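Colleague: how would this look folded up:
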Amino acid sequence: MRALAFAWRSLLRRRGRSALGILGIAAAGALMFDMLLLSRGLLVSVRELLDAFGFDVRVFASEGMPQSRVPVDRAFDTARALAALPEVASAVPFRFGEAEIPSDSARPDEVAIFAVGSTRQRIWTVVNGRDLSDTDEDALAVVINQRLADRVKAGPGGSIELGGSCSAAPSILPPITVRIAGVASFPFESGAQLTMASRFEVLDRLCERPAGEADLIMVASRPESGPDAAVEAIRKARPDLYAYSNDEVIERFERVGFSYFRQISAALAFVTLSFGIVLITVLLTVSVNQRLGEIAALRAIGLSRRRMAADVLWESALLVGIGGLVAIPLGLALSMWLDAILRSLPGVPATLHFFVFEPRALWLHAALLAAVGLGAAIYPMWLVTRLPIAATLRREYVS
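Modeller: The predicted structure follows:
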């Protein structure tokens, strides 16, 4: 405690230099904290998006990227067969497509359509009007997002004329008129996206794909079995299909799609870590060099090398500790600003976040700052312990 008090008084005697070190560590620590949030933020956010509506297994007809996967044939029969497995609670076919609506500009507006084979388990939340129903006689009923409702100036009970746009070439099928059942919010839509959910009949009327095809089947496992058991049961029952739990999807995403963000965050964290070590090392070295006579005198009256090294180490710990505390709220504010910029990019879902706070990021940030404080104190501590007492005092007296 005496060494801590001595180090605190030493910092107060050089307030300008101490403030410079604290501000430098705060800036570097804020950026390093943001990189820790970024290193897993997108991964955590994607996981929350996958788990949002209770589906924990995805079933495809082939491997590969979503754009190149083969559609699932006879999706409704396949979904019923999968739902009959003891490990599976429900299975719902999904199909994705696009449509066009007239626009004031030369190019029509595009609408993303999410067709579901069953509306008992939904991936949207109705905020106005009524929801879709499997027993609804109106097969062309849809729910739309608020942005599309504002675009067409229509709400529940209104109608929209759609033209097919489900492939590279325009659809040869005639436009259809769908009726708006309700307005809903979709967790996976981007900020400017026009979104619509429907039953399969809407896309069957718009696109030239065979009826009953689906892009994937989303499965909810039984709680007592879990997703891993459901995946194993599906693979045994249908070896021609490819089933992945949410954990496996996240693992593949982390290994392939997420490596870019991880490399960026690791590189920037290393740069800020190096900057913090260099900054504090320079400040402590300058401080030690200006106090050589004082340090030699303290050594001469009986203070040990260990005690003087402890003083330098405590100075480093105080500078880094105070700067690290300031860095946390500064980093959180900076992360919210950066997250808003990234989320405004086209095609990014509105509920997706790039910077997500986790307790592990706080502990890792503290561990890295502790490494900065220790690394920065090594050279000044070496100077203090190797200082020749007699020669230093003679040089100070002569000068």
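
Colleague: domain parsing for this structure?
Modeller: 2-49+258-398, 62-240 (automatic domain parsing).

Colleague: and the gap between residue 140 and residue 178?
Modeller: Distance of residue 140 to residue 178, given as CB to CB, to the nearest Å: 5 Å. No exception for glycine: its C-beta is placed from N, CA and C like everyone else's.

Colleague: hmm, back to that, could you dump the domains of the chain into a markdown table and include mean neighbour count, mean pLDDT and distance to residue 55?
Modeller: Output for those, formatted as a markdown table (neighbours: other CB atoms under 10 Å; pLDDT from 0 to 100; distance: least, CB to CB, whole Å):
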| stretch | mean neighbour count | mean pLDDT | distance to residue 55 |
| --- | --- | --- | --- |
| domain 2-49+258-398 | 18 | 81 | 11 |
| domain 62-240 | 17 | 81 | 4 |
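
Colleague: can I get these in CSV with distance to residue 250?
Modeller: Formatted as CSV, these follow (distance: least, CB to CB, whole Å):
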stretch, distance to residue 250
domain 2-49+258-398, 5
domain 62-240, 12
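
Colleague: closest to residue 249 out of those?
Modeller: domain 2-49+258-398 (8.4 Å; CB to CB).

Colleague: tell me which element residue 49 falls in.
Modeller: helix 15-50 (DSSP states H and E).

Colleague: just give me how far that helix sits from the chain centre.
Modeller: 14 Å (CA atoms, centre = their mean, to the nearest Å).

Colleague: direction included, what does the following helix or strand past that helix pair against?
Modeller: Next along the chain after helix 15-50, taking DSSP H and E as the criterion, comes strand 57-60. According to DSSP bridges, strand 57-60 forms sheet pairs with strand 216-221 (antiparallel), strand 242-245 (antiparallel).

Colleague: what's in contact with the last one?
Modeller: Going back to what we said before, that points to strand 242-245. The contact list for strand 242-245 (CB atoms under 8 Å, 6 or more residues apart in numbering) reads 56-63, 219, 227-228, 230-231, 234-235, 252.

Colleague: so residue 332 is in contact with residue 356, correct?
Modeller: No. Residue 332 is not in contact with residue 356 according to CB atoms under 8 Å; the separation is 11.4 Å.

Colleague: by how many degrees do the helix holding residue 49 and strand 216-221 diverge?
Modeller: Here helix 15-50 runs at 100 degrees with respect to strand 216-221, directions being taken by axes from the mean of the first three to the mean of the last three CA atoms, to 10 degrees.

Colleague: and the helix or strand containing residue 93, how far from the chain's centre?
Modeller: Per DSSP H and E: residue 93 is located in strand 88-101. For strand 88-101, the separation from the chain centroid amounts to 25 Å (computed by CA atoms, centre = their mean).

Colleague: direction included, what does that strand pair against?
Modeller: strand 109-116 (antiparallel), strand 159-164 (antiparallel), strand 216-221 (antiparallel).

Colleague: distance to residue 92 added to the ones you listed, as CSV?
Modeller: As requested, the strands paired with strand 88-101 are exported to CSV (distance: least, CB to CB, whole Å):
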stretch, distance to residue 92
strand 109-116, 6
strand 159-164, 23
strand 216-221, 5
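
Colleague: of all those strands, which one is nearest residue 394?
Modeller: For the strands paired with strand 88-101, proximity to residue 394 was assessed by CB to CB; strand 216-221 is nearest, at 80.4 Å.
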